[in-house]
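Peer 1: Sharing a sequence plus its predicted fold:
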Amino acid sequence: MESKLSNNFSRDGYLTGLDVLTDEEVAYFLKSFLAYEERLGGKVTGAYRFKSHLLLPWMYKLVTHPKILEIVKQIFGPDILCWSTDLFPKDPGTGKECAWHQDATYVGMDPPDALTVWVALTESNLQNGCVQFSKESHLKGQMEHTKTFADNSMLLYGQEIPVDVDKSTVVHAVLKPGQASVHHIMTVHASGPNKGDGRRIGIAVRYCGAYIKQQQGIGDSAMLVCGKDHGNFPLEPTPVVEFGPDEVEAHKKAVGAVGPEDRIKAQ
Ligand SMILES: O=C(O)CCC(=O)C(=O)O
């Protein structure tokens, strides 16, 4: 799929500053996110941070947003699966952060034609711990990671690449509400703690070409969001009713496929 956008993505391993949501849409998604937290009785943590597009019709709206899918289609073609969503609210003063890592680690996608669209619902900047990428790092292959299970990590296993990243390659994805960045599943990226006054809220939507396969034994399911299925993943149902019994069951099953214990530990 030749386009300027896909060429830049293939070259650098990321894109940033893409306008995807209108102000009205930002207000809608932010309100919906806050209502979800209220329903959960506080901040969203554990398994509820993951794959909530199976539980919540508004999250399904986000993962099938035409502007977002247009970007993903330019990169992977017409047949697209969404294999995860991660909610990333980062509160000031908590010290929560993400060490340098590659999303491909422990995921086993083959070929690694998968990416994340990270959608900002608030400002995301240097002060409040925006996502940062190491340019061209997606071309360097899978790197060794250490599982630290650090309390202040927002990642499932507190995983990190235990070597310094070359500072001259680092690009900060400073985003306005409604903008998105995109990163390849092999791109080395991180984010620092929120040293600002307000929450930084972003939603990471993980997509892959429907033609890719996952290594045996990992067993993720995925949702068809565009084009046709290639039969490589068990397909997840789309949500109709927020927290309906079928939706709750589908969510439980889907997050369980990668280990409910691990999901619950991940804050
Ligand atoms: O939201 C963040 O701070 C980190 C996001 C991230 O690591 C990811 O989307 O893979």
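Peer 2: Structure received.

Peer 1: Quick check: residues of the protein near the ligand?
Peer 2: When proximity is defined as C-beta under 6 Å from any ligand atom, the chain approaches the ligand at 88, 90, 98, 103, 116, 118, 131, 189, 191, 202, 204. Heads up, the C-betas are built off the backbone N, CA and C, glycines and all.

Peer 1: what's near enough to touch the fourth one?
Peer 2: Residues touching Asp103, when contacts are defined by C-beta atoms under 8 Å, 6 or more residues apart in numbering, comprise 114, 116, 183, 185-187, 189, 206.

Peer 1: Check what pLDDT it gets.
Peer 2: Note on Asp103: pLDDT of 93.

Peer 1: Can you list phi and psi of it for me?
Peer 2: Dihedral pair for Asp103: phi -60, psi -20, per degrees, to the nearest 10.

Peer 1: ok, what's across the strand from the closest residue in space to Leu15 that isn't next to it in sequence?
Peer 2: Spatial nearest neighbour of Leu15, excluding adjacent residues (C-beta to C-beta, 6 or more residues apart in numbering): Val182 at 4.4 Å. With DSSP bridges as the criterion, Val182 is bridged to Leu15, Val117.

Peer 1: With adjacent residues omitted, what lies nearest to the residue nearest the centre of the chain?
Peer 2: Nearest to the mean C-alpha position of the chain, by C-alpha atoms, centre = their mean, lies Ala204 at 2.6 Å. Using C-beta to C-beta, 6+ apart and skipping the chain neighbours, the partner closest in space to Ala204 is Asp86 (4.4 Å).

Peer 1: tell me the contacts of the one you found?
Peer 2: Neighbouring residues of Asp86 by C-beta under 8 Å, 6+ apart: 49-50, 203-204, 206.

Peer 1: again with His230
Peer 2: 79, 210-211.

Peer 1: the helices in this structure, which residues?
Peer 2: 4-12, 23-40, 57-63, 66-76, 245-256, 260-265 (DSSP state H).

Peer 1: Of those helices, which stretch is the most buried?
Peer 2: Ranked by mean neighbour count, the helices of the chain are led by helix 57-63 with a mean of 20 (mean count of other C-beta atoms under 10 Å).

Peer 1: what stretches of this structure score poorly on pLDDT?
Peer 2: 1, 257-267 (pLDDT under 70).

Peer 1: If we use 90, what do you get?
Peer 2: 1-2, 45-46, 106-107, 155-156, 162-164, 215-219, 256-267 (pLDDT under 90).

Peer 1: for it, what spans make up the strands?
Peer 2: For the chain, strands defined by DSSP state E occupy the ranges 14-19, 80-90, 98-101, 109-110, 114-120, 131-134, 146-147, 159-160, 170-172, 179-184, 189-191, 200-209, 213-214, 223-226.

Peer 1: Show me what the fourth one is packed against.
Peer 2: Spelled out, that is strand 109-110. Secondary-structure packing of strand 109-110 (3 or more C-beta pairs under 8 Å, 6 or more residues apart in numbering; DSSP states H and E): strand 213-214.

Peer 1: what distance separates the strand it packs on from the middle of the whole chain?
Peer 2: 18 Å (C-alpha atoms, centre = their mean, to the nearest Å).

Peer 1: Sheet-wise, list the partners of that strand with their directions.
Peer 2: Here strand 213-214 is paired, per DSSP bridges, with strand 109-110 (antiparallel).

Peer 1: What are the contacting residues of the strand it pairs with?
Peer 2: 185, 208, 212-215.

Peer 1: Among those, which one is most surrounded by other residues?
Peer 2: Within the contacts of strand 109-110, most neighbours by other C-beta atoms under 10 Å means Cys208, with 28 neighbours.

Peer 1: Is it in contact with Ala222, as I believe?
Peer 2: Yes: with contacts counted by C-beta atoms under 8 Å, Cys208 reaches Ala222, the gap being 7.3 Å.

Peer 1: so what's in contact with the two at the same time?
Peer 2: Residues touching both Cys208 and Ala222 (C-beta under 8 Å, 6+ apart) are 81, 83.

Peer 1: Redo the residues of the chain next to the ligand as CSV? Include distance to Leu55.
Peer 2: Converted to CSV, the residues of the chain next to the ligand look like this (distance: C-beta to C-beta, whole Å):
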residue, distance to Leu55
Phe88, 17
Lys90, 22
Cys98, 24
Asp103, 22
Thr116, 20
Trp118, 20
Val131, 24
His189, 27
Ser191, 25
Gly202, 19
Ala204, 16
